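# I need the structure of the sequence given here:
(3 chains)
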Amino acid sequence: MPQPDFFSRVLDLVAHIPYGRVTTYGHLARAVGSAGSARTVGWVLSGATASGLPCHRVVNRFGALSGAQHFPSPTFMEDALRSEGVTFDDEGCVRLDRHLWVPGDDIKPV
DNA sequence: ATGTTGACATTGA
DNA sequence: TTCAATGCCAACA
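A predicted model of the protein is given here:
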């Protein structure tokens, strides 16, 4: 499969999310070349929760753990992120200002 | 084959 | 400014 499917592309990016960092669906969608298909990204993660990927580092645009309810334990996501040093605000949302990671930023710094 | 749903994002009024 | 509607891609019934 020379051309990875949408599924593989998203999984690849999620697997490349640095430790203690998070990203959003919109950025992932844009990174795979399908800007606007953020919904499909979430669908992929739904099948990647048990794929051994750090899918818990993917949050929505507001930094809220939208998919926490889809994990084996609803608190696993928040617990995992806190375990990596990720901080949350009073609303329980990840501080994207401190941990937001953009795909390609690590392989292509400014 | 068609319609609906889904861990979202963006634009228009 | 806030609220509502639409778009996107893929899988499921």
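
# which stretches of chain A have low pLDDT?
By pLDDT under 70, the low-scoring segments of chain A are A:1-4, A:107-110.

# Figure out how far stretch A:94-110 is from the centre of its chain.
11 Å (CA atoms, centre = their mean, to the nearest Å).

# Pull out the buried positions in that stretch.
Neighbour-count burial for stretch A:94-110 flags A:94, A:96, A:99-101, A:103 (criterion: 16 or more other CB atoms under 10 Å). No exception for glycine: its C-beta is placed from N, CA and C like everyone else's.

# What of stretch A:16-29?
Buried residues in stretch A:16-29, counted by 16+ other CB under 10 Å: A:16-17, A:21-25, A:27-29.

# circling back to that earlier point, what about the buried residues of stretch A:94-110, which are in helices?
Within the buried residues of stretch A:94-110, residues falling in helices by DSSP state H are A:96, A:99.

# quick one: which of the buried residues of stretch A:94-110 is nearest to A:Leu45?
A:Pro103 (14.1 Å; CB to CB).

# which residues touch the nearest residue to that closest one once chain neighbours are set aside?
Excluding the flanking residues, the one nearest A:Pro103 by CB to CB, 6 or more residues apart in numbering is A:Ala31, at 3.6 Å. Contacts for A:Ala31 (CB atoms under 8 Å, 6 or more residues apart in numbering) come out as A:9, A:13, A:103-104.

# what's the distance between A:Ala31 and A:Glu78?
24 Å (CB to CB, to the nearest Å).

# on that earlier part again, what's the farthest-apart pair in the buried residues of stretch A:94-110?
Maximum pairwise distance among the buried residues of stretch A:94-110 (CB to CB): 16.5 Å, between A:Val94 and A:Pro103.

# Setting the sequence-adjacent residues aside, check what's closest to A:Glu91.
In space, and not counting its chain neighbours, A:Glu91 is closest to A:Ala64: 7.6 Å by CB to CB, 6+ apart.

# For that neighbour, give me its contacts.
With contacts defined as CB under 8 Å, 6+ apart, A:Ala64 is in contact with A:91-94.

# before we move on, what about A:Ala68?
A:Ala68 sits next to A:74-78 when contact means CB under 8 Å, 6+ apart.
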